[in-house]
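>>> Quick one: sequence and predicted model below, then my questions.
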Amino acid sequence: MKRDPFILVIVAVVVAALLVFGIKMARRRASQPVASTATGQLAPNFTLKSLDGKTVKLSDYRGKAVLVNFWATWCEPCNVEMPWLVDLHKKYASQGFEILGVAMDDIGEKGIAKFAQEKHVDYPILIGDDPVGDAYGGIPFLPGNFYIDRSGKIVDKAFGLKGKAEMEQDIQKIIASGAGAQSVAAAGGQ
């Protein structure tokens, strides 16, 4: 029973810190215009640096089905989801599927690279920033996943941890969208 007051103080401090952080973020976001990230809309383009030093633009992936995955090293649901993403990327990459992992971390590139290496990530990891998150309407929860079809339109989005089977269904949906047009274009080019 002697620990109860101490635990209550710790919980109160944590809750107060979260409230202050939440209010600060809400005020910051309220003052900024937010791009539309509704399904059926063209996904906001971005240019970010990858861990291997390359400049990556979302528009470079037009014609592919893309999952833009906002994540952070400190995010436990992201830790659960990342091995699923590695598996799904291996399974569907040959069908024109790509994942762009956008790290929303403040630990620096070396820390992000070490984390990605430990998780055996085989898809591009990009160094994210607030303007990219804001372009996607703000990222209220991590992970934040945007499923983008081959034409560059958002087919679906999800925040927080979803099941692997649900993620796979969304990936299959964006792979199938425009697949017929892509096959016709490839056949016409031969």
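Done, it's in. Numbering: from 1, shown residues only.
>>> Where does the residue nearest to Gln95 when sequence neighbours are not counted sit, in terms of helix or strand?
Among residues not flanking Gln95 along the chain, Ile175 sits closest, at 5.2 Å (Cβ to Cβ, 6 or more residues apart in numbering). Backbone N, C-alpha and C define where each C-beta goes, glycine included. According to DSSP states H and E, Ile175 maps onto helix 164-176.
>>> what's the distance between the spatially most central residue of the chain and Phe146?
Note on the chain: the residue nearest the mean C-alpha position is Asn69, at 1.6 Å, using Cα atoms, centre = their mean. According to Cβ to Cβ, to the nearest Å, Asn69 stands 8 Å off from Phe146.
>>> what does Thr39 give?
The gap separating Thr39 from Phe146 is 10 Å, by Cβ to Cβ.
>>> any residues in contact with both of those two?
Residues touching both Thr39 and Phe146 (Cβ atoms under 8 Å, 6 or more residues apart in numbering): Ile154, Asp156, Lys157.
>>> Out of these, which sit inside strands?
The members of those that map onto strands under DSSP state E are Ile154, Asp156, Lys157.
>>> ok, of those, which one's closest to Gly128?
Using Cβ to Cβ, Lys157 is the member of these that sits closest to Gly128, with 15.8 Å.
>>> Quick check on the residue lying closest to that closest one once chain neighbours are set aside: phi, psi?
Closest residue to Lys157 apart from its sequence neighbours, by Cβ to Cβ, 6+ apart: Phe146 at 4.9 Å. Dihedral angles of Phe146 (phi, psi; degrees, to the nearest 10) stand at phi -120, psi 120.
>>> I'd like the distance between Phe146 and Glu118.
Going from Phe146 to Glu118 by Cβ to Cβ gives 25 Å.
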